[in-house]
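Enquirer: Kindly generate the corresponding structure for this input.
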Amino acid sequence: MGMRFDDHEVVYPTVPEQGANNFVSDVPCIRINIANDLMFIPANTGLKRLVTSYRKEEEE
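Expert: Model (predicted):
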């Protein structure tokens, strides 16, 4: 039994429009927020000193 996809039309969802300037400027902030949330979540028991001390030796 075939699916007969030709009998159906393509429907796209309605997506709100957003200016290109807003999206581009917000992306770095979103990435930083996500990275901070992942880094400092209590369940993260990894070696955080590798990240928190990055380039610290170069500055001293």
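Enquirer: Residue 28: which element?
Expert: Assigned by DSSP states H and E, residue 28 belongs to helix 20-40.
Enquirer: contact partners of the next helix or strand after that helix?
Expert: Using DSSP H and E, the next helix or strand after helix 20-40 towards the C-terminus is helix 49-52. For helix 49-52, contacts defined as Cβ atoms under 8 Å, 6 or more residues apart in numbering pick out residue 39. From N, CA and C alone the C-beta is placed, and that goes for glycine too.
Enquirer: Use 614 as the first number for this chain going forward.
Expert: Okay, residue one is now 614; in that scheme the one you just asked about reads as helix 662-665.
Enquirer: quick one: buried residues of helix 662-665?
Expert: By neighbour count with 16 or more other Cβ atoms under 10 Å, helix 662-665 contains no buried residues.
Enquirer: Any figure for the gap between residue 660 and residue 622?
Expert: Relative to residue 622, residue 660 is positioned 54 Å away (Cβ to Cβ, to the nearest Å).
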